[in-house]
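> Structural data only, the sequence is not supplied:
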């Protein structure tokens, strides 16, 4: 799929626009402007792609992977390298893009895949190689979309009629190629006609829940209520919530899962209230090199994100702030991991390795 | 104390200004403008006092009680009633002020005390009665200040050298006559030279932590870091926090405590991490008519407070939101209640009734 979504089509956060001269461009919805404004960014330089990832104009682990894959092609197109140096240019582009965000494993996974594909193309001209690599990026996108739909099918049974569902951050269409991960579960249950209600954590500091998930669910006609992050516990205590579903940015082989800051606390609260807590993620989110979550690098972002809300300062100008972008939820707090290959349950290394071998 | 704080004096959020013509006025710092602007509001009408409480220009259960006590005097002064109708005017003023915020028991406690004082004054002129009632309001203020200092002495030992302390909302000088409740514990430990670090929950939706607690602690020279509410769990998991201290707006006789939304979740998280959780509150916060927390009325505030941050919209214009101002932390999650009369421990009806009899 190489076009933005049209009415009746699924929402897509990024696409390849072949009409941009001379070589086409990666385009995306600028997610930092949502929900106030739906603005398209056109990336024709490697730096534009890097900045878009760094600034969260595109975010969500799977979408970052897709953006990085297209970013490699953008990098080749920008430099129009001679036929003998394009492999070097490609390597440099991959190294540069890998530094945009340290936690999302899909970023490295997509870059590795592009590099591996390129290895077999060394005898081609740069234009021939570029065309093959663009097809590879399209394939990554299409496979991601198919995975998301499969995740929805795997997980939809965890949402029953009359349920309250809590979700955190945005693990929706906007975080993937389309349909999402945690929200794929919600969309699939919704399409099956089940009646349920979603409580959307606003997700400070960057408010992905308030800005993106609220917008997506509204667009899809799913009943939803926005809450501040600190209200989830009361929703649980009042028995208004029956299940929690979030995405993940990186999962160790023992099942420890890194996701948006606040996810760990939500999992502890769910356990304390005997509410099942599910993580929905494609199998590319697993990092087989990591034995457990303590090895997952956590990105620490600028203190100004905490000091401000949408650019407006909320505290003292020089107030020290703590701003980890992610936290790690230990496997024992996760009821199941919803993947495109099936549900991982119980969440342990044996079940994860078995699923990854499928 | 009837004056605002001067350099070297404790911070005071409200005071009586006798110089305002013709009868004096209740003045307060407009807490909705902090920390950007320190603006004084002068209340010469009952409605101005009601609005100040409703709009959270003055907030925090003890400070609301003091404001209401002065508000009764403001009401008499505004209407300059004849000597035969002043008791009716006073009753009406109390009934009106009682409707400003439903959860803070100190509000009702202060109004009851003013009414009871007035009962013995029926044979006085309105001006004579007014002077006695103004003294009663001063006494409520001074007693509250003394209680806060005593709470600090009771609780200071729970903060040891090297500790990390999490607090929520603002239970500081700004929430009381001076010095605070939870922050009185922190100020007292600080004055005793102990080295510790405070993690301040920003406290959505109205950001009392980011705006008020951060400001107060900075003014007092206490080391502090601002965090988003959803980061407290990670601070605990990293063993950076050793104790949690919050205030309370109303406590049932079994120890169930209503406080700012988010407190309950923080208490659940503290229990899950084996971190002691203390509530600091004057004995006037206990409501002996309530057997447990389920009977505490919870104020639900406007959805726009969740939809917006400091007036800036963060989500869809018509997004449904949930906005309870308070939650109830069950007694079993509270390690101790720090009062001016001593520490209530264990937190149960027997210990509470024994303390209240002191």
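Thanks, I have it. Quick caveat: nothing in here was measured; it's all calculated off a predicted structure.

> Could you look up the SS state of the residue lying closest to residue A:334 once chain neighbours are set aside?
Spatial nearest neighbour of residue A:334, chain neighbours left out: residue A:347 (4.6 Å); criterion: Cβ to Cβ, 6 or more residues apart in numbering or on different chains. The C-beta positions use only the backbone N, C-alpha and C, and glycine is treated the same way. Secondary structure, DSSP: H, G, I helix; E, B strand; the rest coil: residue A:347 is coil.

> so residue A:347 makes contact with residue A:330?
No. With contact defined as Cβ atoms under 8 Å, residue A:347 does not reach residue A:330; the gap is 9.4 Å.

> Quickly list what's touching both of those two.
Both residue A:347 and residue A:330 are in contact with residue A:255, where contact means Cβ atoms under 8 Å, 6 or more residues apart in numbering or on different chains.

> who's more crowded, those two?
When neighbours are counted by other Cβ atoms under 10 Å in any protein chain shown, residue A:347 and residue A:330 differ, and residue A:347 comes out ahead with 24 against 19.

> dump the residue contacts of the more buried one.
Shown in contact with residue A:347 (Cβ under 8 Å, 6+ apart): A:255, A:331, A:332, A:334, A:335, A:336, A:337.

> Apply 10 Å and report the result again.
For residue A:347, the set of contacting residues under the criterion of Cβ atoms under 10 Å, 6 or more residues apart in numbering or on different chains consists of A:251, A:254-257, A:278-279, A:329-337.

> List phi and psi for the residue nearest to residue A:52 when sequence neighbours are not counted.
Leaving aside its sequence neighbours, residue A:52 sits nearest to residue A:58 (Cβ to Cβ, 6+ apart; 5.2 Å). The phi/psi pair for residue A:58 (degrees, to the nearest 10) reads phi -120, psi 130.

> all helices of the stretch 151-300 of chain A, in order?
Ranges of helices within the stretch 151-300 of chain A are A:182-191, A:208, A:214-220, A:232-237, A:263-272, based on DSSP state H, counting those that start in this stretch.

> now for the second one, which elements pack on it?
Under the contact definition 3 or more Cβ pairs under 10 Å, 6 or more residues apart in numbering or on different chains; DSSP states H and E, helix A:208 sits against no other helix or strand.

> ok, now the last one?
Using 3+ Cβ pairs under 10 Å, 6+ apart as the contact criterion, the secondary-structure elements in contact with helix A:263-272 are strand A:164-167, helix A:232-237, strand A:243-246, strand A:257-260, strand A:277-280, strand A:326-329, helix B:232-237, helix B:263-272.

> Tell me if I'm right that residue A:245 and residue A:166 touch.
Yes. Residue A:245 sits in contact with residue A:166 when judged by Cβ atoms under 10 Å, with a separation of 7.7 Å.

> what residues are shared contacts of these two?
In the contact map built from Cβ under 10 Å, 6+ apart, the residues linked to both residue A:245 and residue A:166 are A:198, A:277.

> mind checking pLDDT for the residue lying closest to residue A:305 once chain neighbours are set aside?
Leaving aside its sequence neighbours, residue A:305 sits nearest to residue A:205 (Cβ to Cβ, 6+ apart; 4.3 Å). Per-residue pLDDT puts residue A:205 at 97.

> What count of nearby residues applies to residue A:130?
Per other Cβ under 10 Å, the neighbour tally for residue A:130 reads 24.

> what packs against the helix or strand encompassing it?
Secondary structure here is read from DSSP states H and E; on that basis residue A:130 sits in helix A:126-155. Here helix A:126-155 is seen to pack against strand A:14-17, helix A:61-79, helix A:86-98, helix A:105-119, helix A:182-191, strand A:277-280, strand A:336-339, strand A:342-344 when contacts are counted using 3+ Cβ pairs under 10 Å, 6+ apart.

> hmm, 7 Å instead?
Secondary-structure packing of helix A:126-155 (3 or more Cβ pairs under 7 Å, 6 or more residues apart in numbering or on different chains; DSSP states H and E): helix A:61-79, helix A:105-119, helix A:182-191, strand A:277-280, strand A:336-339.

> Following the chain past the worst-scoring helix or strand of chain A on mean pLDDT, name the next helix or strand.
Among the helices and strands of chain A, strand A:286-287 carries the lowest confidence by mean pLDDT, DSSP states H and E, at a mean of 92. Using DSSP H and E, the helix or strand that follows strand A:286-287 in sequence is helix A:304-307.

> which outside residues touch that following helix?
A:205, A:206, A:313, A:314, A:315, A:319, A:321, A:323, B:226, B:228 (Cβ atoms under 7 Å, 6 or more residues apart in numbering or on different chains).

> again, 8 Å this time
For helix A:304-307, contacts defined as Cβ under 8 Å, 6+ apart pick out A:204-206, A:313-315, A:317, A:319, A:321-323, B:202, B:226-228.

> what's the burial count for the closest residue to residue A:55 other than its chain neighbours?
With Cβ to Cβ, 6+ apart as the measure, residue A:32 is the residue that lies nearest to residue A:55, at 6.5 Å, once sequence neighbours are left out. A count of neighbours around residue A:32, defined by other Cβ under 10 Å, yields 18.
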